[in-house]
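Enquirer: Provided below are the primary sequence and the corresponding predicted coordinates.
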Amino acid sequence: MARQNYATLQAKINKEIEKLQKQAQVLQTKSRKPVISSLVRTMKEYNISPDELAAAYGKVKSSAKAGRPAKSTKAVGVKKPVAPKYRHPASGATWTGRGKAPLWVVEAEKNGQPRQQFLI
């Protein structure tokens with residue numbers, strides 16, 4: 001019996017959803033009609049053809065895309081490896097020069113050695 005009640009309740013809910021969707025469609029149609037009428041009236045007033053409007057609409061779409069930077073074909077978050085710029089002479093450890101300096105660079109600079117001496 002509980003299953004039958006569930007199925008009945010589900011059917012009622014689905015009917016209500018369909019009814020609300022139809023109401024939303026009618027509301028959208030009603031609210032769009034005055035806007036469309038206004039557009040047609042303005043087009044007639046300024047002697048604008050639908051072709052001109054379509055051409056302008058296409059330009060607006062393409063210029064909106066032109067205003068944005070082009071999307072890269074690379075995946076987001078994928079970074080190209082950077083070649084090392086510095087090498088520790090004793091250990092052979094390398095550093096790209098990006099990010100936090102490794103301890104061997106920090107220690108060398110504390111001892112008065114310039115970073116340039118480790119350039120590769």
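Expert: Perfect, I can see it now.

Enquirer: part of a helix, is Ala83?
Expert: No - the assignment for Ala83 (DSSP: H, G, I helix; E, B strand; the rest coil) gives coil, which keeps it out of a helix.

Enquirer: give me the phi and psi angles of Leu119.
Expert: phi -60, psi 140 (degrees, to the nearest 10).

Enquirer: doesn't Tyr86 make contact with it?
Expert: Yes - contact status for Leu119 versus Tyr86: in contact at 6.2 Å, counting by C-beta atoms under 8 Å. Every C-beta, even on glycine, is put in place using the N, C-alpha and C of the backbone.

Enquirer: quick one: low-confidence ranges for the chain?
Expert: 1-3, 60-75 (pLDDT under 70).

Enquirer: biggest helix in it, by residue count?
Expert: helix 2-45 (DSSP state H).

Enquirer: which one's more surrounded, Leu119 and Tyr86?
Expert: Remark: of Leu119 and Tyr86, Tyr86 carries more neighbours, 20 against 10, as counted by other C-beta atoms under 10 Å.

Enquirer: quick check: domain ranges of this structure?
Expert: 2-67, 86-118 (automatic domain parsing).

Enquirer: out of those, which comes closest to Gly77?
Expert: For those, proximity to Gly77 was assessed by C-beta to C-beta; domain 86-118 is nearest, at 16.5 Å.

Enquirer: can you give me the first-to-last residue distance of that closest one?
Expert: 5 Å (C-alpha to C-alpha, to the nearest Å).

Enquirer: how about stretch 107-120?
Expert: Terminal residues of stretch 107-120 lie 18 Å apart, using C-alpha to C-alpha.

Enquirer: re the thing from before, the domains of the chain into JSON lines, with extra columns for distance to Gly77?
Expert: Listed next are the domains of the chain as JSON lines, based on distance: least, C-beta to C-beta, whole Å:
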{"stretch": "domain 2-67", "distance to Gly77": "23"}
{"stretch": "domain 86-118", "distance to Gly77": "17"}
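
Enquirer: fine by me, thanks again.
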